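Undergrad: what's the 3D shape of this:
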Amino acid sequence: MIDAFDKSGRFLTACLRLLPAELAHDVALLAMEHGALRCFPKQQQPTLEVPLQVHVPGIGRLRHPIGLAAGFDKNIRCPTAFEHMGLSFLEMGTVTPRPQPGNPKPRIFRQPETLSIINRMGFNSHGAALVLHRLRELNWKPTSVPLGVNLGKNKTTLQEDAVNDFAAGIIAFESHAQWLTVNISSPNTSGLRDLATPEFLRSLEQAIGSLRSKCWIKLDPDMDRGSFQKMISAIKTEGFQGAVLSNTHRVESPQAGGQSGHPLLSPSNSCLEWAWDVTKGTLPVIASGGVLSGVDAYHKLARGACAIQIYTALVYRGPGATARICEELSSELKLRGFASAEEAIGSWYL
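TA: Okay, here's the model as predicted:
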C-alpha cells in the first residue's frame with residue numbers, strides 16, 4: 001500500500017539524491033531534527049496478514065522486527081523522526097569518547113546501479129560528553145521505541161588502550177540507553193578490526209564486569225569462517241548479550257570504504273548461518289546488512305535473527321520504507337505458511 005506519506009517521502013528522497021551524498025545526508029538530518037516529517041501527511045498503518053511482533057533479549061518486545069542501523073544518526077540528533085518513520089527500535093552512533101572529525105571528504109558514495117552505498121566516514125563523532133548531554137535532554141522513553149548506542153574508539157587511541165575507550169563509553173551510556181553495541185568491525189578506522197579477537201573480548205569483560213550483559217558485539221562480514229566462529233563462541237562464553245551481524249563489507253573499488261546495501265545481503269546472511277552453526281540460536285542475533293525488501297527481511301529471520309536493522313533502504317526507498325518492508329515481510333510469511341514472525345526465526349535450519 002503506497003500512501004501519501006510514502007509518496008511524499010519518495011519524492012523528497014529523490015530530490016536529495018540530486019545532491020552529493022554526504023550533503024544530502026546532512027540536509028536530511030537537519031530537516032528531521034527540525035521536525036520536517038511532521039509536515040508530511042499522516043502515515044497509514046501497514047496492512048499485515050501475519051503478525052510481526054518479536055521479542056529481543058535485553059531490548060524487549062517489539063511491534064515488528066525492523067529497526068534503524070547505526071551510522072544514520074551518529075550523534076543522536078533526531079530519534080523522534082525515526083520513530084515517526086515507524087521503526088521499532090533505534091541504534092544511534094557510532095560515538096567515540098572524544099570528539100573527532102572522521103576521515104577527509106568526500107567519504108560517502110552512492111552506487112545506485114547496485115542499490116548500495118560506500119562510506120569511509122571514520123567515526124566522525126561529537127564525542128561522548130555532548131552526545132550524552134543530548135540524550136539526557138531528550139529524556140527518551142524506551143518503552144515505545146527502545147534506543148541503543150553504538151560505541152567506538154578514537155582514531156588516536158593506541159591499540160593497547162582501546163579497551164579503555166570502549167569501557168568508558170559503556171559506563172557513560174549504560175544508564176541512558178537500553179542497550180550498547182561495541183563496534184570492532186568498521187573498515188574505516190585503522191586497526192579497529194584487529195580488535196576482533198577472543199582475547200580482546202575477555203579484556204573488555206574484565207573491564208566492565210556485569211555491564212557486559214547489556215552489550216552487543218558487532219562483527220564484520222570479511223572474517224574467515226574459523227575466526228568468525230571463534231568470536232561468536234567468545235561472545236557467548238564471556239556473557240555478552242548478543243551479536244549484531246554484520247557491519248559493512250570492505251571494498252577498494254570503485255571507492256575504498258565499507259559497502260552497505262544489496263551486495264552485503266549474501267555475506268551478512270552467511271554470518272548468520274555461521275553463528276547458528278556455533279550456538280544453534282542460543283545467542284541472540286540482530287541482523288544488519290542488505291535488507292531492502294520484506295523478502296530480504298524474511299531471510300534474516302529464517303537464518304536466526306530476532307530483529308533486523310536497515311539503513312540503505314531508507315536512502316533508496318525513502319522514509320516510508322519501514323511500513324513497506326513490514327507489509328512485504330508479512331505477505332512473505334503468509335506465503336510460506338508461518339503464523340507469526342517469531343515462528344519463522346531459525347526455520348532455515350529445520
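
Undergrad: okay, CA-based contacts and neighbour counts for the rest of this
TA: Fine.

Undergrad: point to the residue nearest the middle of this structure.
TA: Against the mean C-alpha coordinate of the chain, by Cα atoms, centre = their mean, the closest residue is residue 69 at 2.2 Å.

Undergrad: contact partners for that one?
TA: For residue 69, the contacting residues are 90, 91, 92, 288, 309, 310, 311, by Cα atoms under 8 Å, 6 or more residues apart in numbering.

Undergrad: any stretches of the chain with poor pLDDT?
TA: 1-2, 142 (pLDDT under 70).

Undergrad: and which of the contacts of residue 69 is nearest residue 340?
TA: Closest to residue 340 out of the contacts of residue 69 is residue 309 (18.8 Å), distances taken as Cα to Cα.

Undergrad: in what helix or strand does the closest one lie?
TA: strand 307-310 (DSSP states H and E).

Undergrad: counting contacts, what elements does that strand pack onto?
TA: The helices and strands touching strand 307-310, judged by 3 or more Cα pairs under 8 Å, 6 or more residues apart in numbering; DSSP states H and E, are strand 66-68, strand 285-288, helix 294-302.

Undergrad: now with 10 Å, please.
TA: strand 54-56, strand 66-68, strand 90-95, strand 242-245, strand 285-288, helix 294-302, helix 321-335 (3 or more Cα pairs under 10 Å, 6 or more residues apart in numbering; DSSP states H and E).

Undergrad: which secondary structure elements does the longest one contact?
TA: If you count contacts as 3+ Cα pairs under 10 Å, 6+ apart, helix 321-335 packs onto helix 4-16, strand 66-68, helix 294-302, strand 307-310, helix 312-317, helix 341-344.

Undergrad: in it, what's buried?
TA: When neighbours are counted by 16 or more other Cα atoms under 10 Å, the buried residues of helix 321-335 are found to be 321-334.

Undergrad: gap between the nearest residue to residue 273 once chain neighbours are set aside and residue 343?
TA: By the measure of Cα to Cα, 6 or more residues apart in numbering, the closest residue to residue 273 outside its immediate chain neighbours is residue 303, 6.1 Å from it. Counting by Cα to Cα, to the nearest Å, the gap from residue 303 to residue 343 is 12 Å.

Undergrad: do residue 168 as well
TA: For residue 168 relative to residue 343 (Cα to Cα), the value is 38 Å.

Undergrad: also residue 151?
TA: Distance, residue 151 to residue 343, using Cα to Cα: 32 Å.

Undergrad: so which of these two has more stuff around it?
TA: Neighbours were counted for residue 151 and for residue 343 using other Cα atoms under 10 Å; residue 151 has more, 30 against 15.
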